[in-house]
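Q: got a predicted structure plus its sequence, pasted below:
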Number of protein chains: 10
Amino acid sequence: MLFHVRMDVKLPHDMADSVAANLKQVEKDKAQALQRSGTWRHLWRIAGQYANVSIFDVADVEELHQLLSTLPLFPYMTIQVMPLCRHPSSIHDDDR
Amino acid sequence: MLFHVRMDVKLPHDMADSVAANLKQVEKDKAQALQRSGTWRHLWRIAGQYANVSIFDVADVEELHQLLSTLPLFPYMTIQVMPLCRHPSSIHDDDR
Amino acid sequence: MLFHVRMDVKLPHDMADSVAANLKQVEKDKAQALQRSGTWRHLWRIAGQYANVSIFDVADVEELHQLLSTLPLFPYMTIQVMPLCRHPSSIHDDDR
Amino acid sequence: MLFHVRMDVKLPHDMADSVAANLKQVEKDKAQALQRSGTWRHLWRIAGQYANVSIFDVADVEELHQLLSTLPLFPYMTIQVMPLCRHPSSIHDDDR
Amino acid sequence: MLFHVRMDVKLPHDMADSVAANLKQVEKDKAQALQRSGTWRHLWRIAGQYANVSIFDVADVEELHQLLSTLPLFPYMTIQVMPLCRHPSSIHDDDR
Amino acid sequence: MLFHVRMDVKLPHDMADSVAANLKQVEKDKAQALQRSGTWRHLWRIAGQYANVSIFDVADVEELHQLLSTLPLFPYMTIQVMPLCRHPSSIHDDDR
Amino acid sequence: MLFHVRMDVKLPHDMADSVAANLKQVEKDKAQALQRSGTWRHLWRIAGQYANVSIFDVADVEELHQLLSTLPLFPYMTIQVMPLCRHPSSIHDDDR
Amino acid sequence: MLFHVRMDVKLPHDMADSVAANLKQVEKDKAQALQRSGTWRHLWRIAGQYANVSIFDVADVEELHQLLSTLPLFPYMTIQVMPLCRHPSSIHDDDR
Amino acid sequence: MLFHVRMDVKLPHDMADSVAANLKQVEKDKAQALQRSGTWRHLWRIAGQYANVSIFDVADVEELHQLLSTLPLFPYMTIQVMPLCRHPSSIHDDDR
Amino acid sequence: MLFHVRMDVKLPHDMADSVAANLKQVEKDKAQALQRSGTWRHLWRIAGQYANVSIFDVADVEELHQLLSTLPLFPYMTIQVMPLCRHPSSIHDDDR
């Protein structure tokens, strides 16, 4: 099942660079692991923003929330979730 | 080059069913042709809405506008465009 | 899987009363059938509004969209969908 | 009487983890007590958000405010309240 | 129980004057009856707007919705409802 | 002359409890004095919010601003002011 | 007493030119009469908009509403009203 | 040339009173000098807000920006600028 | 003097094609004349929208309003105007 | 390819003046280098705001994001990006 997720990240200005760098690295490792597993299907940067649009392929909503809420950057993110489904005009049976 | 496009469709209530049906069919034909050409890379339905999220893969902005503005449903659509680029955490060189 | 759905209905002022009445009756019949099936788990009226908050219990997003987009009042509705999941403080294993 | 309440929680980034953990535990205890009493009838997590949708079953507005405003997390919450009533299409006499 | 209700009225421009006048008269009669009964406790005009702020004193939410949704102007109104309760700094036991 | 005023209060999280308690007490004393004088005619709590709706009965706008801007909590408030006047459907000559 | 009023005008596209022209003329006559009386103290066009910012000098809110709600263009206007008072840094005792 | 400017001021809560007082005094001195020069033509307080509506009479946009951006309170202000011009219904050749 | 103007065009769905085509042609002729005169300095299409961003170089606000309000498409446009001035980091004395 | 970018800058109030001054100087140097290269084609100040409107001429979206996200002030900016293309009414083949 696909979910469209937009994540806008805002780190506090007074966060130490080292802390921020570490946080980002842990986030990157997790994101890449989830991409390799096929769960985090698409991850694009929105040009000009510290934000991304992602497509998640999960079994259910529980898995989606578990995944998002345990991202290291979660406390610093504004997240918008939209459930997606197959479009009647799609030429793909299952547009992943 | 990738662009994230959200299209919300609102047909006038007093549009004849036949006119609406024809309009949708022409739109579907065009959308499917563009998908087969690889330009309209992803087309998902937003659950509960007469709206879609699409990812377009175009040479430049001119091509994007030409494509969107000549869609049969264009006059009945609210469109939001976001330019996308590769995310530093993406495991794909070019996440299409 | 649970989805929180808000539906705001706005019928055109120039719709004939008979047409509106029939539309509402067909909508009511469908809503009640879906409630009896357990799919439309909760249906509440938002006081002072021609709007409702509903909780849907569906297998997946496809089923949700199919259900919502084929409601007779769908063309006259503004719909907002939020995926729900179990709250860690809920005393219920599965708060339906 | 039913009230639909959305609670979005935002803890200050510089709050000590121990303080946050304690605050959440006290909140959880109170929430569970209120659920057992039947007052806090439904408590769902909004996927991807540090937010919940709840349905409260209270005698009157005073009780609702007393309950919400004394929640430990109240100072850190944005709360939206909507009064609910029975929907004419509900198959339940009293959809709790 | 008190509810704060804002009503913004927008009549279609092409509504015949006689129809509008009659609608307003029926609305006025109903509003005045409800005021005499003590249900519609306060009714103020928002300066510069075809809108009012009202305070309703009702037994419960059902009564509020019944009352609002059967106002003749209901189909032409945007309504916002806020439940009120006694303020801890009020010098009145029950500020009606 | 009547003015509808909504006040949303947001105290800084790091304000000492004693300072906050004192501020609230001074605010309460002033609010009660103004209620006794008839200036602060109505003061209701918006359920679920650290906010109130008030009706002020003042000689002119100057008095209103003087009163609001010297409230102890003024620096911590978001205030919205709407001038009110008699509604043509009011059964009261002067709905105070 | 001064009130800041913004008026945005939107005439229906299908209004006959002659009807629109007449409406505007009657509006102009009334506006000029009120300016001569000193009530409509300032009337400026917002560049690029069919809108104006006006400053009204009235005895009370009743007069303001009476004046605005009887403007010929009132049914076609979105109006925003802000009560003004003397600014402590103004060099004028009464900045009209 | 006239510009309508709204300034909403928000000073940090932790700013020392003396610093704030000094800042306001310097702002007042500058505002009064500009009023005497005729540049800052009108300065009104928006009732209930730490905000003002001002009308500036400047030679061009450069002068306007120079003036606004060098106000002592500029870093603490949200500013909205609207260019004004003569209204066709104004009885003044040049409504200052 | 430079003004940044965004124009969003929305033609009524029931406008005859011939009327729309003529309106657009007259608009185009006027826009091109103003570009040749140097007044309409830049005119760009916002991709995916029936909207443009333009930069106007005018003597004063009066000229800007005169120009915009007499565009054939003016009644069908939502217009936003922002006065521009030279940026301190611009390498151009006068960035036209 | 052209992109319209609006940048609103908000520096923390507690940033040391020297740090701010240095940040702005580095930003200015970079902006001027990019202008000389023709990439940062237009840079205008929005009057009354610590904000600018810029037109970027880049090869693709990647270059745009690279450029924007490495601006020294990027962490303190709210950025809005709109892809532009040639307007059918432009008299320029390529309006730079």
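A: Structure received.
Q: what comes into contact with the lengthiest helix in chain A?
A: Ranked by residue count under DSSP state H, the longest helix found in chain A is helix A:17-36. Identification of contacts with helix A:17-36 by Cβ atoms under 8 Å, 6 or more residues apart in numbering or on different chains yields A:11, A:40-41, A:43, A:67, A:71-73, B:88-92. For the C-beta atoms, the positions are set from N, CA and C on the backbone; glycine is no exception.
Q: same check on stretch A:79-95?
A: With Cβ under 8 Å, 6+ apart as the test, stretch A:79-95 has contacts from A:1-8, A:55, A:64, A:68, B:27-28, B:31-32, B:35-36, B:42-48, B:52-53, C:3, C:60-62, C:64-65, C:81-83, D:47-49.
Q: now these: which count as buried?
A: The neighbour count (16 or more other Cβ atoms under 10 Å in any protein chain shown) marks A:1-7, A:55, A:64, A:68, B:27-28, B:31, B:35, B:42-48, B:52-53, C:3, C:60-62, C:64-65, C:81-83, D:47-49 as buried among the contacts of stretch A:79-95.
Q: so which of the residues you listed belong to helices?
A: A:64, A:68, B:27-28, B:31, B:35, C:61-62, C:64-65.
Q: look up how far chain I lies from the closest residue to chain E within chain A.
A: Nearest to chain E, among the residues of chain A, is A:Gln80, at 24.1 Å (Cβ to the nearest Cβ). Computed as Cβ to the nearest Cβ, to the nearest Å, the A:Gln80 to chain I distance reads 20 Å.
Q: what pLDDT does the model give that residue?
A: Looking at A:Gln80, its pLDDT stands at 98.
Q: what's the distance between it and D:Gly48?
A: Using Cβ to Cβ, to the nearest Å, one obtains 8 Å as the distance from A:Gln80 to D:Gly48.
Q: for those two, list the residues in contact with both.
A: Common contacts of A:Gln80 and D:Gly48, defined by Cβ under 8 Å, 6+ apart, comprise A:Val5.
Q: go through the contacts of helix A:17-36 and say which is closest to chain H.
A: A:Leu11 (20.1 Å).
Q: who's in contact with that closest one?
A: A:20, A:23, A:76, J:75.
Q: as CSV, the residues you listed with neighbour count would be great.
A: As requested, those are exported to CSV (neighbours: other Cβ atoms under 10 Å in any protein chain shown):
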residue, neighbour count
A:Ala20, 15
A:Leu23, 17
A:Tyr76, 19
J:Pro75, 14
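Q: in a markdown table: these, plus pLDDT and distance to I:Met15.
A: Shown next, in a markdown table, are the contacts of A:Leu11 (pLDDT from 0 to 100; distance: Cβ to Cβ, whole Å):
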| residue | pLDDT | distance to I:Met15 |
| --- | --- | --- |
| A:Ala20 | 97 | 54 |
| A:Leu23 | 98 | 55 |
| A:Tyr76 | 98 | 48 |
| J:Pro75 | 97 | 47 |
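Q: closest to chain B out of those residues?
A: A:Leu23 (12.6 Å).
Q: can you pull the pLDDT of the residue positioned nearest the centre of chain A?
A: The residue lying closest to the centre of chain A (Cα atoms, centre = their mean) is A:Ser54, at 4.9 Å. pLDDT for A:Ser54: 98.
Q: could you measure the residue of chain A closest to chain E against B:Leu68, distance?
A: Using Cβ to Cβ, one gets 23 Å for the distance from A:Gln80 to B:Leu68.
Q: ok, now A:Ser89?
A: A:Ser89 sits 15 Å away from B:Leu68, going by Cβ to Cβ.
Q: which among the contacts of A:Leu11 gets closest to chain H?
A: When those are compared against chain H (criterion: Cβ to the nearest Cβ), the nearest one is J:Pro75, at 17.3 Å.
Q: how near is the closest one to J:Pro12?
A: The value you get for J:Pro75 to J:Pro12, if Cβ to Cβ is used, is 10 Å.
Q: do A:His4 as well
A: From A:His4 to J:Pro12 the distance is 33 Å (Cβ to Cβ).
Q: try A:Ala16
A: According to Cβ to Cβ, A:Ala16 stands 15 Å off from J:Pro12.
Q: of those two, who's got more company?
A: Using other Cβ atoms under 10 Å in any protein chain shown as the criterion, A:Ala16 and J:Pro12 rank with J:Pro12 on top: 13 against 8.
Q: what count of nearby residues applies to the residue lying closest to the more buried one once chain neighbours are set aside?
A: Leaving aside its chain neighbours, J:Pro12 sits nearest to A:His13 (5.1 Å; criterion: Cβ to Cβ, 6 or more residues apart in numbering or on different chains). By other Cβ under 10 Å, 11 other residues sit near A:His13.
Q: give me the pLDDT for A:Arg96.
A: On the pLDDT scale, A:Arg96 is placed at 81.
Q: so who does it touch?
A: Taking Cβ under 8 Å, 6+ apart, one finds A:2, A:41, A:57 in contact with A:Arg96.
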